[in-house]
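>>> with the sequence up front, the predicted model follows.
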2 protein chains.
Amino acid sequence: MTDVRKRQVTLDEVAERAGVSRSAASRVLNNAPHVSKAKREAVQRAVADLGYVPNASARALATQQVGAVVLAISSDNPEVFADPFFAEVVVGISSVLEETELELMLMMATSTRGQTRLERLLRTRQTDGVMLMSTHGDDPLARLAEQADVPVVFGGAPIAFEPQYYVDADNRGGARLATEHLIATGRRRIATITGRMDEGAGVARYKGYQEALAVAGLDASRVVHGDFSEDGGTRAMHELLAMHPDLDAVFVASDQMAIGALRVLTDAGRTVPGDVAIVGFNDVNAARHTTPPLTTISQPIRSLGRELARMLLATIAGESPTPLILPTRLVRRAST
Amino acid sequence: MTDVRKRQVTLDEVAERAGVSRSAASRVLNNAPHVSKAKREAVQRAVADLGYVPNASARALATQQVGAVVLAISSDNPEVFADPFFAEVVVGISSVLEETELELMLMMATSTRGQTRLERLLRTRQTDGVMLMSTHGDDPLARLAEQADVPVVFGGAPIAFEPQYYVDADNRGGARLATEHLIATGRRRIATITGRMDEGAGVARYKGYQEALAVAGLDASRVVHGDFSEDGGTRAMHELLAMHPDLDAVFVASDQMAIGALRVLTDAGRTVPGDVAIVGFNDVNAARHTTPPLTTISQPIRSLGRELARMLLATIAGESPTPLILPTRLVRRAST
DNA sequence: AGAACGCTTGGGAGCGCTTCCAGTTTCTCG
DNA sequence: CGAGAAACTGGAAGCGCTCCCAAGCGTTCT
């Protein structure tokens, strides 16, 4: 543990070199008022000469502000973050944070250990704010977060309650859009493969499906529950085919599942979109490359990240932004 | 700026409640020796009662250790992080960091502002270590990083020099594998679409291609340079077809490009793999869903993240780990 | 029984920065 | 030209924690 590294330059040294007091130097750095122009310049010169950079820890301790916010993903599945979805969210968040002096910390609470850490984070002010994306249904962490003494905004509304601050995609609207599209193109025996029913998105998309069919006076009983995964889609499609061989369309709550379903359909000798039309959800990259390319619902993931960050910034600033629901839209390809 | 929140519990309060000195309490928390069992327990009880959680900033200031490392992505392209590649890397990193008390910070130095921030980070000890993934060739930041007074490990070797600590995938070996596979399956007029030649991976993959052909005594002149993107692949394939209409195989340096190339080939009436075989690189998700599914080179991205984190941990601990090259392997599908 | 040793203990000095406050200087205006 | 206001200035008190050190004590050994 020999400390070879050169000691860091401190504010005192800057002050000394500039011939002012430490307080004055500090004021210059935070460009606070009450510093004469001459001194201000002297300090700036000293800063440049010495290559001074303030010590973040010291500042954090003194100001009681950490200078960092965290994006926390709470899930029971360690794989979630591998979903490109989050990569997009992060890009959106970063683009907003870049304008500020805040750093972004990532926290994946998938293990018990991670949970504990996140919990601790929420209970103490070790961060200036957190963006929480909780995937599984009645995450106790979500409730804890809602009453944490740190600003928290939710990405995607939790299923058990409606938090004060959140931004979400219009899952229900998107699902309705998809189903209406199926109806509009002449389908009548429309099935669905839902997502996990313990996730907000899963429930909302199922609701949208039901609504559209209800409005059209069609039967909404061809339902199998999936889990958002490709394998799940495969299983569900098999089941659907067995139970409702007459179906002529299926709204699948995620592209991953749709890809699995598509294969089952083709293998079973049903043509797509001839015999059965299929629409997915999310517009992942791979949706463009299936045969046929998948009609799907696209949600503005990057915007979601951006708005999430903006909302957090607002709450940190003491404002009370209203929840935000981002629009989804239909991307029509060849599977319908 | 009214501070509604309750003041945080401090070590002093814990000490007082436990009837010990602050130093003793501190020792217990860091489970250092020289504390009697009785006091240790008293402190632990007080901690539990009060719900005490140490203040990270204060600790950081006192120990001169931040308790966080950063993953920095330096690139001229703001989109890079959207690449699922990084999501995987992050998962790998997190899995290792989870075992420690370190937090992960994300820093995308795509704008000038971001660059400045990263630079500042490197010049001062505001983090305990950085993992730098630099995509563009002669990134000045890379050089700066190499002589920073903070431990730095590189993810993917920069092109301009070989850093002391890095972990990379065996891009050259993978490319050779791919090309040899093409040769082994009887192809003789093998072209390549390279990646960006100002990125290490681009260069290495091109080298691997050349080596394999050289060993086999085949012509390695059917070359067009791409940029890793799908559009780039499309463009490159057109060009290749125009210049070398006789080609019977092409090694494409990324799946994205391969997807574009595949379409061009099919549109041009060439069958795959009948007329021309094609192999990509990366094994992205979409590679499974093309028609035909893409033979490709798979690299252990998550391991890369994991090893990156491990190496950083080692250097932070004062060790001098040796660079690591992770193996790549051929995933054969129907395009060859 | 006394010396020597080793573990425990709490005091106190920082870590580098912000910010309050009182004192000083400089303006401004009657 | 003098008084009061306004702007500037630096001292000092923290922010909460770590860690060195000297002092205190109970043991063990001779």
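Thanks, I have the structure now. Numbers count the residues shown, from 1 in each chain, chains lettered A, B, ... in the order given.
>>> helices or strands up against the helix or strand harbouring residue A:44?
Element membership for residue A:44 (DSSP states H and E) is helix A:37-50. Helices and strands touching helix A:37-50, by 3 or more Cβ pairs under 8 Å, 6 or more residues apart in numbering or on different chains; DSSP states H and E, are helix A:11-18, helix A:22-29. (Glycine included, C-beta is placed from N, CA and C.)
>>> mind listing the helices for the stretch 101-250 of chain A?
For the stretch 101-250 of chain A, the helices defined by DSSP state H, counting those that start in this stretch cover A:112-123, A:140-146, A:171-184, A:200-216, A:230-243.
>>> near chain B, anything from the second one?
No: in terms of Cβ under 8 Å from any Cβ of the partner chain, no part of helix A:140-146 sits within range of chain B; the closest distance is 12.7 Å.
>>> so which bits of chain A are right by DNA strand D?
Within chain A, the positions lying close to DNA strand D (Cβ under 7 Å from any atom of the strand) are A:20-24, A:27, A:33-36, A:38-39, A:58, A:61-62, A:64.
>>> which of those residues sits closest to chain B?
residue A:61 (4.4 Å; Cβ to the nearest Cβ).
>>> out of the helices of the stretch 101-250 of chain A, flag the one nearest DNA strand C.
Nearest to DNA strand C, of all the helices of the stretch 101-250 of chain A, is helix A:112-123, at 21.5 Å by Cβ to the nearest atom of the strand.
>>> which residues sit against that closest one?
Defining contact as Cβ atoms under 8 Å, 6 or more residues apart in numbering or on different chains, one finds that helix A:112-123 is touched by A:70, A:72, A:74, A:107-109, A:126-127, A:130, A:141, A:144-145, A:148-150, A:152, B:51, B:53, B:98.
>>> same question for stretch A:78-91.
A:71, A:73, A:104, A:106, A:108, A:110-111, A:133, A:135, A:155, A:282, A:284-285, A:301-302, A:304-305, A:308, B:78-79, B:81-84, B:86-88, B:90-91, B:94-95, B:106, B:108, B:302.
>>> tell me which residues in stretch A:57-76 are buried?
Within stretch A:57-76, the residues that count as buried by 16 or more other Cβ atoms under 10 Å in any protein chain shown are A:57, A:59-61, A:65-75.
>>> please see if it touches DNA strand C.
Yes: taking Cβ under 7 Å from any atom of the strand as the criterion, stretch A:57-76 and DNA strand C are in contact, through A:58-59, A:61-63.
>>> which residue comes closest to residue A:266 once chain neighbours are left out?
Once flanking residues are discounted, residue A:266 sits nearest to residue A:272: 6.7 Å by Cβ to Cβ, 6 or more residues apart in numbering or on different chains.
>>> so the one you found makes contact with residue A:278?
Yes: counting by Cβ atoms under 8 Å, residue A:278 is a contact partner of residue A:272 at 5.8 Å.
>>> shared neighbours, these two?
Residues touching both residue A:272 and residue A:278 by Cβ under 8 Å, 6+ apart: A:262, A:265, A:335.
>>> so for the helix or strand where the first one lies, what gets flagged as buried?
When elements are defined using DSSP H and E, residue A:262 is found to belong to helix A:255-267. Using 16+ other Cβ under 10 Å as the burial criterion, the residues of helix A:255-267 that qualify are A:255-265.
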